[in-house]
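Chemist: take this sequence and fold it.
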Amino acid sequence: MLVTNFHRLSRTALPFLLLHAKNLNRKLQVCCALSVSILFLHDNFSYAQDSGVSMSLKTVPVPGPSPAMLSEFVKDKKAAIQLGKALFWDTRVGSDNKTSCATCHFSAGVDNRSKNQLDPGALRRFPRLAPNSPYPDSGFQLGGGPNYQLRIEDFPFTRHINEADANGAGSKIADVNEVASSQGVFTANFRGISGKTENGPDECDVIIDHHDGFSINNINTRRVEPRNTPSVINAVFNFRNFWDGRANNVFNGGDPFGLRNTAPLIWKREAGLLRQVKVALPSSSLASQGSGPPLSGTEMSCTGRAFVKLGQKLLHQKILTDQTISASDSVLGQYAAGKPIYRAMIAKAFHADYWQSPSIIRFTRNNAKRIGSMDLDKPRPFDNFIDTNASQMEANFSLFFSLAVQLYQSTLIADDSPFDRYAEGKGTLSDQAIDGLKIFRGKGQCINCHGGAEMTNASFRNVISQRLEKMTMSDGSVKTYDNGFYNIGVRPTSDDIGIGGVDPFGNPLSETLLFAISAENSSLLGNNFDPSKYERPGVDKVSVNGAFKTPGLRNVELTGPYFHNGGKATLMQVVDFYNRGGDFAQENRDNLAPDIRPLNLSEQEKESLVAFLVSLTDERVRYERAPFDHPSLCLPHGHPGDTKVVTNSGNGNATDINPLKCLKAVGASGSSRKITPFLGYGVPPKQR
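Modeler: Residues are numbered from 1 along each chain as shown. Modelled structure (predicted):
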């Protein structure tokens, strides 16, 4: 009867019902769970006005290009997903043959390694904002150098005398601007694919890293990314990807920047003739994201390698040559005993107009320089590219790689947590978690940024309905911002300008700022951006500096360290941060999201909020059950020695710890080994 008569209840009656739900029996909790969830959406989000929508992620359509648009390129979607999973986990995608996409996303979609996982602050590049600070910062405050072994005692990176002091003002007793992230590759310039061994790593010229700090006694350590690694699980629900939204929602076939890159990047055979064409595939942020890391001089590649060279390296090789596949792998199981070559998988997955031409393409330096690098500090790394002859399949390898990885990642959806089942009326939560849910929606104000069933305002469903939004700042002024991107006072804005940065073509990453500069720029925003919906703000009425994409919260128990700088190790540290109103609220007040203010939560309320966050964990993720099963993977996890001494491998790079950290292949039924939180301390509410 409660559900049947839902619309007869007043808007004050349901909050009262929720407030006293723990005093009702469990059956009543289950019955009203769906109605309560509906209220959350209906009250807070313009994109969720349908009262039938639940907070269960199962109710949300999976974003992506329409079948008709995708069919322009993809012939067999199942084959493309198989290709994408193989490419995502294959360590030979990295120049060193040790680095795959999964190397930074192997644990609940993130990276829980703890040695050599610090960046010194390389994105501090704005002397006007911080005239007395080094930029970029190449000096390590924590540990004194790279190759540091993180400890729980190192967190949080910003510490306070009293965790509850409003806005963190005047109470800091320690602060470092390091970023806890993921180690990638060594500093080197690409020379060519291996001519020495059939499956060998790329040939690269080692450059001793005196600039960014990744060397010890003139021996390079692996570079570490300048922002914390976000989860690939549920990333399909983001309108844009990367912390700063670089991964555009329109995929151009070759790099992360969508319509901002106006060059034709793909070769298509039409009427027997081969010509370059522009690609503009909407709702494909994951493809844009997938095109970035394989060419990044920090993440996976020697600087200056183009996708055509990666294609020449991999196409004749068998998938996952040196890795094992479980016979029960949910996607690749049929290939456990006999692995096809990548060329055959592409031919099966994609239409022949994009790979079958017998013509030889002269892929020139100018072709390579059309590609925008995701390394924004090195926006054009292809000045030394050597012209090469290429097949159409090799020249279009960026298209195949990125679309296949997008289709694979689109299957990585965690929507069966205890909270999802509760929202559907099919399960229960503890009294403490229900109290935390009330705080999440009410006093804690979490839902103001972590909205909808996706638990992020940066979701496709939210942003597509309202790309630009206005907010009233603390001084009473009204500014416009990119929906889903906020400055919350994690670090001073000068440490990392976030979405306030620029792409390789000189355009603001921010859609708001791009539109503010010129109405004509609206043509670069794609996905049917309608400029008539928005009042074009003045440039001085834009709030984007230091703003970052709001992450979704499912599996957050397992995805530490937290925030774009990885500066918090536990969920309680995160809750403490919000409770005091941020760490750098005063310093960032010109761009600070107005919801960042002291919350005055009690210890009991904070513990309840953590209990609710833990209820968002999908046990399939924890135990790597399908679709989260995977091939085997061995990955670097630091160097022998410490921050003062490492051993030289003989070419100027430090040796990796031997043996590498290895994960066994896992089939659809999952693993007996459960994924644990970062440093083992993600959950205990008392731990700080």
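Chemist: pLDDT score assigned to the spatially most central residue of the chain?
Modeler: Closest to where the C-alpha atoms of the chain average out (Cα atoms, centre = their mean) is residue 230, at 3.7 Å. In this model, residue 230 is scored at 97, pLDDT.
Chemist: that one is in contact with residue 240, isn't it?
Modeler: No - with contact defined as Cβ atoms under 8 Å, residue 230 does not reach residue 240; the gap is 11.8 Å. Bear in mind the C-beta positions are built from the backbone N, C-alpha and C, glycine included.
Chemist: spit out the residues that contact the two alike.
Modeler: Common contacts of residue 230 and residue 240, defined by Cβ atoms under 8 Å, 6 or more residues apart in numbering, comprise residue 549.
Chemist: so which residues of the stretch 551-688 of the chain form helices?
Modeler: Remark: helices assigned in the stretch 551-688 of the chain by DSSP state H, counting those that start in this stretch are 571-579, 603-614, 619-622.
Chemist: elements contacting the shortest one?
Modeler: Counting contacts by 3 or more Cβ pairs under 8 Å, 6 or more residues apart in numbering; DSSP states H and E, helix 619-622 is packed against no other helix or strand.
Chemist: any idea how far residue 488 is from residue 239?
Modeler: Residue 488 sits 19 Å away from residue 239, going by Cβ to Cβ, to the nearest Å.
Chemist: scratch that, residue 639
Modeler: On the measure of Cβ to Cβ, residue 639 and residue 239 end up 38 Å apart.
Chemist: name the element the residue nearest to the centre of the chain belongs to?
Modeler: Secondary structure from DSSP states H and E places residue 230 outside every helix and strand.
Chemist: wait, residue 86 sits on residue 329?
Modeler: No - counting by Cβ under 8 Å, residue 329 is not a contact partner of residue 86; they are 10.3 Å apart.
Chemist: which neighbours do these two share?
Modeler: Shared contacts of residue 86 and residue 329, counting by Cβ under 8 Å, 6+ apart, come down to residue 631.
Chemist: which one's more surrounded, these two?
Modeler: A count of neighbours by other Cβ atoms under 10 Å puts residue 86 above the other of residue 86 and residue 329, at 27 against 22.
Chemist: which residues does the more buried one contact?
Modeler: 319, 320, 332, 335, 342, 345, 631.
Chemist: quick check: which ranges of the stretch 1-150 of the chain have low pLDDT?
Modeler: Along the stretch 1-150 of the chain, the model assigns pLDDT under 70 to residues 1-53, 125-135.
Chemist: mind listing the strands for it?
Modeler: Remark: strands assigned in the stretch 1-150 of the chain by DSSP state E, counting those that start in this stretch are 118-119.
Chemist: and the spatially closest residue to residue 209 that is not a sequence neighbour, how far from residue 378?
Modeler: In space, and not counting its chain neighbours, residue 209 is closest to residue 187: 4.1 Å by Cβ to Cβ, 6 or more residues apart in numbering. Distance, residue 187 to residue 378, by Cβ to Cβ: 11 Å.
Chemist: overlap in contacts, these two.
Modeler: 297, 303.
Chemist: compare the two (neighbour count), which wins?
Modeler: residue 187 (24 against 14).
Chemist: is it true that the more buried one touches residue 210?
Modeler: No - using Cβ under 8 Å, residue 187 is not in contact with residue 210; the gap is 9.5 Å.
Chemist: need the overlap of contacts for these two.
Modeler: With Cβ under 8 Å, 6+ apart, residue 187 and residue 210 have no common neighbours.
Chemist: what segments of the stretch 401-550 of the chain are strands?
Modeler: Going by DSSP E, counting those that start in this stretch, the stretch 401-550 of the chain shows strands at 468-472, 478-482, 485-486, 548-549.
Chemist: could you check how far the second one is from the centre of its chain?
Modeler: I take that to be strand 478-482. 23 Å (Cα atoms, centre = their mean, to the nearest Å).
Chemist: and that strand, what does it pack onto?
Modeler: Strand 478-482 packs on strand 468-472, helix 511-517, going by 3+ Cβ pairs under 8 Å, 6+ apart.
Chemist: the inter-axis angle of the shortest one versus strand 478-482?
Modeler: Using axes from the mean of the first three to the mean of the last three Cα atoms, to 10 degrees, the interaxial angle of strand 468-472 with respect to strand 478-482 works out to 140 degrees.
Chemist: nearest to residue 434, of the helices and strands packed on strand 478-482?
Modeler: strand 468-472 (30.3 Å; Cβ to Cβ).
Chemist: describe which strands the closest one pairs with in its sheet and in which direction.
Modeler: Its sheet considered, strand 468-472 pairs with strand 478-482 (antiparallel) by DSSP bridges.
Chemist: residue 419 is in contact with residue 429, isn't it?
Modeler: Yes - assessed by Cβ under 8 Å, residue 419 is found in contact with residue 429 at 6.8 Å.
Chemist: relative to residue 582, how far out is the residue nearest to residue 472 when sequence neighbours are not counted?
Modeler: Spatially, and ignoring its direct neighbours in sequence, residue 472 is nearest to residue 478 (5.5 Å; Cβ to Cβ, 6+ apart). Relative to residue 582, residue 478 is positioned 21 Å away (Cβ to Cβ).
Chemist: compare those two (neighbour count), which wins?
Modeler: Neighbour count, other Cβ under 10 Å: between residue 478 and residue 582, residue 582 has more, with 26 against 11.
Chemist: for the more buried one, give me phi and psi.
Modeler: Per-residue torsions, residue 582: phi 90, psi 170 (degrees, to the nearest 10).
Chemist: so what's the closest residue to it other than its chain neighbours up against?
Modeler: Spatially, and ignoring its direct neighbours in sequence, residue 582 is nearest to residue 489 (2.9 Å; Cβ to Cβ, 6+ apart). The neighbours of residue 489, taking Cβ under 8 Å, 6+ apart as the test, are 167, 168, 581, 582, 583, 584, 585, 587, 588, 592, 596.
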